[in-house]
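Visitor: When you get a sec, could you give me coordinates for this:
(chains A and B)
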Amino acid sequence: QKEVEQNSGPLSVPEGAIASLNCTYSDRVSQSFFWYRQYSGKSPELIMSIYSNGDKEDGRFTAQLNKASQYVSLLIRDSQPSDSATYLCAVNGFTGGGNKLTFGTGTQLKVEL
Amino acid sequence: NAGVTQTPKFQVLKTGQSMTLQCAQDMNHNSMYWYRQDPGMGLRLIYYSASEGTTDKGEVPNGYNVSRLNKREFSLRLESAAPSQTSVYFCASIETGNNQPQHFGDGTRLSIL
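Guide: Residues are numbered from 1 along each chain as shown, chains lettered A, B, ... in the order given. Okay, the predicted model is just below:
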């Protein structure tokens, strides 16, 4: 049974600070990892994808992957109030029958003025 | 450039009524998915279709049926709605190939009284 675990939060950070969101997964054969942002009442929006160990940077966002430790993280630098949302970690283990994502329950981030 | 389109956006049903949620994508994606999202539960996969003509059960298929009408359209049917099926339903599709992210529709908010 694949599992993806996230701290539900809320994680509160002051404006301008670095927000660190963490995710662990149980399936060692997982191949790809995604971070989605979901505003209240809206659909998930892809913000980062990462496939190999190490860091991947895109603007204020950095995804980090450590397959040996089975964790993936998302850092948001210079956090803004508009970053306040729920962040979903998703893990893909291609089964041959289609790409299936397993989602964590999400971490709620609050960026305070 | 609509992406993934879901209809309706909102629906209220009485227990025992039936209805079909519609989903269409214009990105020529092979695989399509139906999720439900409940508070504290994250996104749970109901059914998916790896390609036109195939469908498979996900994590929570009971009480639902699906039809992959053609490559563009993937519908979800509730034959006899129950209050436990009150949820937000998301349709998603994915690009061909391994390790691709999913693209989500705006969701259908379904209440069953």
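
Visitor: Residue numbers of chain B in contact with chain A?
Guide: B:31, B:33, B:40-45, B:48-51, B:56, B:58, B:90, B:94, B:98-107 (CB under 8 Å from any CB of the partner chain). Quick note: C-beta positions are derived from backbone N, CA and C, even for glycine.

Visitor: Just the ones of these in strands?
Guide: If you go by DSSP state E, these have B:31, B:33, B:42-45, B:48-49, B:56, B:90, B:94, B:102-104 in strands.

Visitor: Nearest to A:Y25 among those residues?
Guide: Proximity of those to A:Y25 (CB to CB) peaks at B:G42, which lies at 13.2 Å.

Visitor: Test my guess that the closest one contacts A:T102.
Guide: No. Judged on CB atoms under 8 Å, B:G42 makes no contact with A:T102 at a distance of 9.1 Å.

Visitor: Based on its surroundings, how many neighbours for residue 75?
Guide: Picking chain A for this. Look at A:L75: counted by other CB atoms under 10 Å in any protein chain shown, it has 17 neighbours.

Visitor: you looked at the wrong chain, it should be chain B
Guide: When neighbours are defined as other CB under 10 Å, B:S75 has 17 of them.

Visitor: buried subset of the ones in strands among the residues of chain B next to chain A?
Guide: Neighbour counting by 16 or more other CB atoms under 10 Å in any protein chain shown classes B:31, B:33, B:42-45, B:48-49, B:90, B:94, B:102-104 among these as buried.

Visitor: could I get these as TSV with distance to B:A24 and pLDDT?
Guide: Conversion of those to TSV gives the following (distance: CB to CB, whole Å; pLDDT from 0 to 100):
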residue	distance to B:A24	pLDDT
B:S31	14	91
B:Y33	14	95
B:G42	25	85
B:L43	20	92
B:R44	22	93
B:L45	19	93
B:Y48	16	93
B:S49	13	93
B:F90	14	97
B:I94	15	89
B:Q102	15	86
B:H103	13	91
B:F104	13	95
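
Visitor: tell me the two of the residues you listed that are most distant?
Guide: Greatest spatial distance among those (CB to CB): B:G42 and B:S49, at 21.3 Å.

Visitor: Show the contacting residues for A:T62.
Guide: The contact partners of A:T62, taken as CB atoms under 8 Å, 6 or more residues apart in numbering or on different chains, are A:D55, A:K56, A:L74, A:L75, A:R77.

Visitor: shaky segments in chain B?
Guide: B:1, B:98 (pLDDT under 70).

Visitor: In chain B, which residue sits closest to chain A?
Guide: Chain B approaches chain A most closely through B:A50 (3.1 Å), counting by CB to the nearest CB.

Visitor: How far does stretch B:49-67 sit from its chain's centre?
Guide: Computed by CA atoms, centre = their mean, to the nearest Å, the separation of stretch B:49-67 from the middle of its chain amounts to 9 Å.
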